[in-house]
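# coordinates for the following, if possible.
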Amino acid sequence: MKTRITELLGVEYPIIQGGMAWVAEHHLAAAVSEAGGLGLIGGANAPGEVVREEIRKAKALTNKPLGVNIMLLSPHSDDIAKVIVEEGIRVVTTGAGNPEKYFDMWKAAGIKVIPVVASVALAKRMERYGADAIVAEGNESGGHIGEQTTMTLVPQVADAVSIPVIAAGGIGDGRGIAAAFMLGAEAVQIGTRFVVSKESIVHDNYKQRIIKAKDIDSAVTGRSHGHPVRSLRNQMTRDYVKLEQEGKSFEELEYLTLGALRKAVQEGDILNGTVMAGQIAGLINKEQTCKEMMEEMMEQASKLLGR
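Okay, here's the model as predicted:
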């Protein structure tokens with residue numbers, strides 16, 4: 001399936017893997033790229049040298065296009081921004097902030113810059129600064145979320161900018177891909193389904209929690225302080241919501257979640273850890289290779305779109 005995104009990135013399928021913290025490391029990124037999509041290494045809060053090592057390990061596993069996601073709130077974002085250039089990465093996606101100060105450096109290096117946005121205003125601003133494409137992410141997604149849904153955000157962003165739009169949030173099968181294209185997107189970004197892939201290094205407890213999730217198992221914490229995060233319900237989310245209702249400070253609430261994502265991903269603590277996942281988790285019911293997932297999704301999407 002050819003779109004402006006597949007041409008821009010040099011990939012077979014219009015599918016990008018989300019740059020999920022603690023999850024999007026070299027095994028997963030390389031597997032998605034090898035299968036025909038764009039694999040991303042998630043910079044998260046890691047130091048620049050750790051990201052450099054991940055890039056090199058991924059390149060040892062695939063010669064297909066790879067990208068890096070940089071979380072702009074990270075204290076190491078300046079270092080990671082330079083590492084991306086030094087290691088010859090061709091695509092960068094950005095989140096949790098404004099990447100404008102890096103645009104000149106990245107564009108001079110020939111890097112394709114794709115910011116993740118949750119509003120039309122930010123999408124238009126990123127286009128003015130020279131973004132090559134936009135990821136419009138609805139609040140159905142896992143992790144940090146905005147206010148608008150994918151169904152409402154994607155067509156408004158597609159109408160507002162001339163660069164290609166990638167839809168994210170609540171997409172986990174071919175129907176979601178087809179729907180995203182009907183809304184004006186030319187590719188999709190998928191996170192939660194790839195978490196349960198066979199190549200994902202996530203603890204099996206975490207994978208099984210997603211596979212067994214129902215449609216109503218998702219919870220949003222942090223709304224009271226303007227930092228909403230979507231994850232699957234557990235003891236941690238119940239404790240967090242209770243403390244929010246009691247009016248606890250942002251610092252007290254943050255202390256509760258300190259290291260909670262790592263605890264879930266690496267140690268398999270799905271009771272007290274943060275099990276980040278999108279609302280689509282209720283649709284995901286099996287573990288597959290990235291290749292199997294992508295071929296299945298694209299076959300379904302192609303039939304629906306009549307391609």
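# any idea how far stretch 80-94 is from the chain center?
In terms of Cα atoms, centre = their mean, to the nearest Å, the centre of stretch 80-94 is found 17 Å from the chain centre.
# pull the residues that contact that stretch.
9-10, 16, 19, 38, 40, 43, 46, 48-49, 51-52, 55-56, 65-72, 74, 102, 105-106, 109-116, 135 (Cβ atoms under 8 Å, 6 or more residues apart in numbering). For the C-beta atoms, the positions are set from N, CA and C on the backbone; glycine is no exception.
# quick one: buried residues of it?
Under the neighbour-count criterion of 16 or more other Cβ atoms under 10 Å, stretch 80-94 has 80, 81, 83, 84, 85, 87, 89, 90, 91, 92, 93, 94 buried.
# which SS state does the fifth one fall under?
Meaning residue 85. helix (DSSP: H, G, I helix; E, B strand; the rest coil).
# how close does it sit to residue 242?
45 Å (Cβ to Cβ, to the nearest Å).
# kindly report the same for the fourth one.
Counting by Cβ to Cβ, the gap from residue 84 to residue 242 is 41 Å.
# and the residue nearest to residue 106 when sequence neighbours are not counted, how many neighbours does it have?
Distance criterion Cβ to Cβ, 6 or more residues apart in numbering; nearest residue to residue 106, sequence neighbours excluded, is residue 113 at 5.4 Å. Using other Cβ atoms under 10 Å, residue 113 is surrounded by 19 other residues.
# helices or strands up against the helix or strand hosting residue 113?
Using DSSP states H and E, residue 113 sits within strand 112-117. With contacts defined as 3 or more Cβ pairs under 8 Å, 6 or more residues apart in numbering; DSSP states H and E, the packing partners of strand 112-117 are strand 91-95, helix 103-108, helix 120-128, strand 134-137.
# pairing partners for that strand, with directions?
Each strand paired with strand 112-117, and its direction, by DSSP bridges: strand 91-95 (parallel), strand 134-137 (parallel).
# quick revisit: for the buried residues of stretch 80-94, which one is nearest residue 181?
residue 93 (19.7 Å; Cβ to Cβ).
# would you mind measuring from that closest one to residue 69?
From residue 93 over to residue 69 (counting by Cβ to Cβ), the distance is 5 Å.
# what touches both of the two?
Taking Cβ under 8 Å, 6+ apart as the criterion, residue 93 and residue 69 both touch 19, 40, 116.
# wait, the residue nearest to residue 106 touches residue 107, no?
Yes: shown here, residue 113 and residue 107 form a contact pair, counting by Cβ atoms under 8 Å, at 7.0 Å.
# dump stretch 159-179 to PDB, restricted to CA.
C-alpha atoms of stretch 159-179 as PDB (Å, rounded to 0.1, in the frame of the first residue of the first chain):
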ATOM      1  CA  ASP A 159      -8.100  19.400   7.000                       C
ATOM      2  CA  ALA A 160      -5.700  21.900   8.700                       C
ATOM      3  CA  VAL A 161      -2.400  20.800   7.300                       C
ATOM      4  CA  SER A 162      -1.000  19.900   3.900                       C
ATOM      5  CA  ILE A 163       1.700  17.500   5.100                       C
ATOM      6  CA  PRO A 164       0.700  13.800   5.600                       C
ATOM      7  CA  VAL A 165      -1.100  12.800   8.800                       C
ATOM      8  CA  ILE A 166      -0.500   9.600  10.800                       C
ATOM      9  CA  ALA A 167      -3.400   8.500  13.000                       C
ATOM     10  CA  ALA A 168      -2.800   7.100  16.500                       C
ATOM     11  CA  GLY A 169      -4.900   6.100  19.500                       C
ATOM     12  CA  GLY A 170      -7.300   3.100  19.500                       C
ATOM     13  CA  ILE A 171      -6.000   1.400  16.400                       C
ATOM     14  CA  GLY A 172      -5.200  -2.300  16.700                       C
ATOM     15  CA  ASP A 173      -6.500  -4.100  13.600                       C
ATOM     16  CA  GLY A 174      -7.200  -3.700   9.900                       C
ATOM     17  CA  ARG A 175     -10.600  -2.000  10.600                       C
ATOM     18  CA  GLY A 176      -8.800   0.700  12.600                       C
ATOM     19  CA  ILE A 177      -6.300   1.200   9.800                       C
ATOM     20  CA  ALA A 178      -9.100   1.500   7.200                       C
ATOM     21  CA  ALA A 179     -11.100   3.900   9.500                       C
END
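# the nearest residue to residue 139 once chain neighbours are set aside: how many residues sit nearby?
Spatial nearest neighbour of residue 139, excluding adjacent residues (Cβ to Cβ, 6+ apart): residue 145 at 4.2 Å. Neighbour count for residue 145, taken as other Cβ under 10 Å: 21.
# could you do residue 77 as well?
Residue 77: 21 neighbours (other Cβ under 10 Å).
# any idea what sits nearest it, other than its immediate chain neighbours?
Excluding its sequence neighbours, the residue lying closest to residue 77 (Cβ to Cβ, 6+ apart) is residue 70, at 5.8 Å.
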